[in-house]
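Enquirer: quick check, what structure comes out for this input:
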Amino acid sequence: QVQLEESGGGLVQAGGSLTLSCGATGRSFSTGYATGWFRQAPGKEREFVAAISWIGDGTHYADSVKGRFTISGDNAKNTVFLQMNSLKPEDTAVYYCAGNFRTLRNYADFDDYDYSGQGTQVTVSS
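Expert: Alright, predicted model coming up:
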């Protein structure tokens, strides 16, 4: 059974930075196709943030975070990170990581991922 766990969320002022971590047990991220980060703000639908491909297709970002967020992976620690800089109040949300271990059609589609964590809260104050 694959389990994912996010950590690193918290309260930060606008313009600040946070780094989220996603650890996996039961399987190595790098044996799959991609790991993604999604977020959901109160009253809004879950949206794609970023994804990293394990099959050589690089990284992918939502336009709203491009240039501010960076996704990376540490294979030795079986952990994926989301470095978030220049945070804005509109980045406030619960952030989820998700792992895909089958053929992935759309990095931005949460339903294409096989497993996800419980989420970690990020709150950006103005």
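
Enquirer: center of the chain - which residue?
Expert: When CA atoms, centre = their mean is applied to the chain, the residue found nearest the centroid is Trp37 (2.0 Å).

Enquirer: so what touches the helix or strand harbouring it?
Expert: According to DSSP states H and E, Trp37 maps onto strand 34-40. Here strand 34-40 makes contact (CB atoms under 8 Å, 6 or more residues apart in numbering) with 20, 22, 29, 46-55, 57, 71, 73, 80, 82, 91, 93-100, 104, 107-108, 110, 113, 116, 119, 122. All C-beta atoms are positioned from the backbone trio N, CA, C, and that covers glycine.

Enquirer: next step: these restricted to strands.
Expert: 20, 22, 47-53, 71, 73, 80, 82, 93-100, 116, 122 (DSSP state E).

Enquirer: quick one, which of these are buried?
Expert: 20, 22, 48-53, 71, 73, 80, 82, 93-100, 116, 122 (16 or more other CB atoms under 10 Å).

Enquirer: what number of neighbouring residues does the nearest residue to Ser126 once chain neighbours are set aside come out with?
Expert: Spatial nearest neighbour of Ser126, excluding adjacent residues (CB to CB, 6 or more residues apart in numbering): Pro89 at 4.8 Å. Pro89 has 11 neighbouring residues, counting by other CB atoms under 10 Å.

Enquirer: residue contacts, Pro89?
Expert: Here Pro89 is in contact with 14, 124-126 (CB under 8 Å, 6+ apart).

Enquirer: out of these, which one sits closest to Ser7?
Expert: Val124 (17.5 Å; CB to CB).

Enquirer: please save the CA atoms from the strand or helix carrying that closest one in PDB.
Expert: Taking DSSP H and E as the definition, Val124 sits inside strand 120-125. What follows is strand 120-125, C-alpha atoms only, in PDB (Å, rounded to 0.1, in the frame of the first residue of the first chain):
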ATOM      1  CA  THR A 120      -1.100  20.500   4.600                       C
ATOM      2  CA  GLN A 121      -2.500  23.900   5.200                       C
ATOM      3  CA  VAL A 122      -0.700  27.000   3.800                       C
ATOM      4  CA  THR A 123      -2.000  30.400   5.000                       C
ATOM      5  CA  VAL A 124      -0.500  33.600   3.600                       C
ATOM      6  CA  SER A 125      -1.400  36.700   5.400                       C
END
